[in-house]
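Chemist: Next one to model:
(one chain, ligands or ions: 1)
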Amino acid sequence: MTKITRIIKLKFVDLNRCKAQMFEQMTEENTQIANKLLSLPIKERRKMTTSKIMSELKSALVNQVIRHTTSPTGRKTKQYKVLPVEVNNQNWKLTQKGETYSISFPTLKGEKRIPIEVAFAHWQPILDGLLEGTIQGGSFKLIKHKNKWYVYLSITEDVPEVKTEKRLGCDRGQNNLAVVAPKEGFGKFFNGQGVKHRRRYFQQRRKQLQEAKKFRALKKWNKKEQRWSEAVNHTISRRIVRFAQYHNADVVIEDLEGCRGTMKQSQKFRSDSGQSRHSWSYYSLEQKLGYKLVLKGLKLIKRPAPYTSKSCSTCGVIGKRNRQDFNCPNGHYHNSDLNAAKNLAQWDGFSCDLNLKRDASVMDSSGLNHGVLGTPPNSMNTVKQEYIQLTLFLTGLDTRIPPL
Ligand SMILES: [Zn+2]
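Modeler: Just a heads-up that it's a prediction; the model follows:
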């Protein structure tokens, strides 16, 4: 069993003004104490006890501040603008009455029980898990965000370890934001057309705002785009995880690190927001996919990018790719993104020779504009490349090599 810790956000339901003010006051007091402690040398801070600190805050909370200022993060800090009140796991309690959940903890006016709800509906089972004891609650912080008060609670849960040999390949690109597929069988496509369209619209408005020098509105606009793209990535990653669970398989993706520098894309495509590889947050998708898989006991495996979309997933020979179409010299036809995903799903133990990379870029030809991320240059019919192909697929190779 592996343990995973995350933070969930709980919202206070109908918090009255009086309590909101009290939270404000508590946070102020908390910050003051922390800053006073930070002015002391670390040795003295370690000797501090709650009895030496005059405060309206309950000693349990003051204790947490002392602990914080002697912790590694606290030691690095010079001064706090705001330090949220922290309540450790022994000082709060979750209760349920009917449909309502409440959390009780020490405040300025004694122990208070305040009704809460989860900020996102899919966290609901976590509250039940906390009540049943299947999920452990850690400390929480009292945080104000956009004039609303929240509890940021850290929770730890056991995740079943899934042992699997199966793999799904996940290829990311523009025409399809992602394509997931097992070695054999049907894949899943996440079409990028809608996203492309929306990105162009965002870009257009951004340009207008920039020209009109409306910087405040521009900032808002950018944030809006960011929230939208995050939501898209959440959706896609969630669906990929579901697909992976259905197949009981780990997910293999291309390692895109440094792809911005090495990927070729003409200026015309770069400046078009719908096409540019630079502005879509593939990294964020990767991160989300990573942690969501871990929660289900599955793994995200990274593989170096070159050649995944140039080889035929049926026979392993380098073929020709033209936009959505992939044709191999042996007559196999594939959708190019699906082909790349299938390659990733069956690819094992291949590492690209550096010399080869250099040679290949000399032989570079057209057709890159529509290639997926990290696509190696297009050059078939070279003996050298055929040779490379043989080392590419170590699994199930013998039956697949066509006679040269
Ligand atoms: Zn083929």
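Chemist: what does stretch 95-113 rub up against?
Modeler: For stretch 95-113, the surrounding residues in contact (CB atoms under 8 Å, 6 or more residues apart in numbering) are 10, 13, 19, 22-23, 25-26, 56-58, 60-61, 87, 91-94, 114-117, 127, 131, 140, 151. All C-beta atoms are positioned from the backbone trio N, CA, C, and that covers glycine.
Chemist: What are the buried residues along the helix or strand hosting Lys144?
Modeler: Under the criterion of DSSP states H and E, Lys144 resides in strand 135-145. Within strand 135-145, the residues that count as buried by 16 or more other CB atoms under 10 Å are 135, 137, 139-143.
Chemist: what's the answer for stretch 30-46, then?
Modeler: By 16+ other CB under 10 Å, the buried positions in stretch 30-46 come out as 30-31, 33-35, 37-38, 45.
Chemist: so where's the chain shaky on pLDDT?
Modeler: 257-279, 348-404 (pLDDT under 70).
Chemist: which bits of it sit near the ion?
Modeler: Within the chain, the residues that sit near the ion (CB under 5 Å from the ion) are 312, 314-315, 328, 330, 332.
Chemist: most neighbours, which of those?
Modeler: Comparing the residues of the chain next to the ion by number of neighbours (other CB atoms under 10 Å), Cys312 comes first, having 25 neighbours.
Chemist: Not including adjacent chain positions, what is the nearest residue to it?
Modeler: Of all residues not flanking Cys312 in the chain, Cys328 sits nearest, at 3.5 Å (CB to CB, 6 or more residues apart in numbering).
Chemist: Just give me the longest helix of this structure.
Modeler: Longest helix of the chain, by residue count under DSSP state H: helix 215-247.
Chemist: List the neighbouring strands of the very next helix or strand once past that one plus their orientation.
Modeler: The helix or strand immediately downstream of helix 215-247 is strand 250-255, counting by DSSP H and E. The strands beside strand 250-255 in its sheet (DSSP bridges) come out as strand 167-172 (parallel), strand 300-304 (parallel).
Chemist: Most tightly packed of those strands?
Modeler: Of all these, strand 167-172 carries the top mean neighbour count, a mean of 27, counting by mean count of other CB atoms under 10 Å.
Chemist: Run through the neighbouring helices and strands of the helix or strand just after it.
Modeler: Once the chain leaves strand 167-172, the next helix or strand it forms, by DSSP H and E, is strand 176-182. Packed against strand 176-182 by the contact rule (3 or more CB pairs under 8 Å, 6 or more residues apart in numbering; DSSP states H and E) you find strand 167-172, strand 188-191, helix 215-247, helix 336-346.
Chemist: buried sites along the third one?
Modeler: With burial defined by 16+ other CB under 10 Å, the residues of helix 215-247 counted as buried are 218, 221, 225, 229, 232-233, 236-237, 240-241, 243-244, 247.
Chemist: out of those, who's nearest Lys296?
Modeler: Closest approach to Lys296 among those (CB to CB): Val241, at 6.1 Å.
Chemist: Cross-check the contact I'm expecting between the closest one and Lys288.
Modeler: No: Val241 is not in contact with Lys288 according to CB atoms under 8 Å; the separation is 9.1 Å.
Chemist: Just list the residues touching Asn91, thanks.
Modeler: Residues in contact with Asn91 (CB under 8 Å, 6+ apart) are 60-61, 105-106.
Chemist: For Met153, which residues are in contact?
Modeler: I think there's a mix-up here, since residue 153 is Leu and not Met. 7-10, 137-138, 140.
Chemist: and of those, the nearest to Ile301?
Modeler: Nearest to Ile301 out of these is Ile7 (CB to CB; 26.1 Å).
Chemist: any idea how far Cys18 lies from the ion?
Modeler: 72 Å (CB to the ion, to the nearest Å).
Chemist: List the beta-bridge partners for Asn176.
Modeler: Beta-bridge partners recorded for Asn176 (DSSP bridges): Asn191.
Chemist: what domains does the record give for this protein?
Modeler: Using the TED database, the domain ranges for the chain come out as 2-159, 167-346.
Chemist: For Tyr157, which residues are in contact?
Modeler: One thing to correct before we go on: residue 157 is Glu, not Tyr. Taking CB under 8 Å, 6+ apart, we find Glu157 in contact with 3-4, 6, 126, 129, 134-136.
Chemist: from those, which single one is nearest the ion?
Modeler: Nearest to the ion among those is Ile4, at 41.3 Å by CB to the ion.
Chemist: List the contacts of the closest one.
Modeler: So Ile4 contacts 156-159, 294-295 (CB under 8 Å, 6+ apart).
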